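# What follows is a predicted protein model with its sequence.
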Amino acid sequence: MAAAGTVIAVCRSENKGERKKDYGEGVLVPGHGLQDDAHAGPWHRQVSLLALESIDKMREKGLAVNPGDFAENITTQGLLLNALPVGTRLQVGDDVLLEVTQIGKVCHDRCAIYYQAGDCVMPREGIFAQVLQGGSVKTGDAIIVLE
């Protein structure tokens, strides 16, 4: 049985460098990313994912943070995202197919979260993917790790 998780939030922002808002649903465009999101484009980091479990680690440090606050597009639950190797394919909902392209990232500029908590989980625990097959994604959708 393939590992499975759940979409907790679908977040986007108009500008880079700001927290994203949870809209609860969105459209993933092949080769581009989340429609109407500032980070979408024809590159290897079209969509970002972060686990609610990672956000909870920051909450335990006393931060009042929520899905989207780390600029992730899709907040998940039930999957250890940063343990998935590059090249892993994820089916999201009925239609969407993602391929993991990067685990974590280098933060060249410290974000507001880092200054508030002295730490940020996105560089270590967030992952990035490209959209191979598009479609709608919404809160409650299953995420299946394909073998």
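Right, received. Where do you want to start? Numbering: from 1, shown residues only.
# all contacts plus neighbour counts: C-alpha atoms, from now on.
Noted.
# after the longest helix anywhere in the chain, next one along is what?
Taking DSSP state H as the criterion, the chain has its longest helix at helix 52-60. On the C-terminal side of helix 52-60, the closest following helix or strand by DSSP states H and E is strand 74-77.
# Contacts made by that following strand with the rest, please.
For strand 74-77, contacts defined as C-alpha atoms under 8 Å, 6 or more residues apart in numbering pick out 5-11, 47-53, 67-68.
# Could you pull out the buried residues of that strand?
Taking 16 or more other C-alpha atoms under 10 Å as the basis for neighbour counts, the residues of strand 74-77 that come out buried are 74-77.
# Equivalent analysis for stretch 47-57, please.
In stretch 47-57, counting by 16+ other C-alpha under 10 Å, buried: 47-55.
# can you list these in a markdown table and add distance to residue 40?
A markdown table is the format used below for the buried residues of stretch 47-57 (distance: C-alpha to C-alpha, whole Å):
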| residue | distance to residue 40 |
| --- | --- |
| 47 | 7 |
| 48 | 10 |
| 49 | 13 |
| 50 | 16 |
| 51 | 20 |
| 52 | 22 |
| 53 | 24 |
| 54 | 23 |
| 55 | 22 |
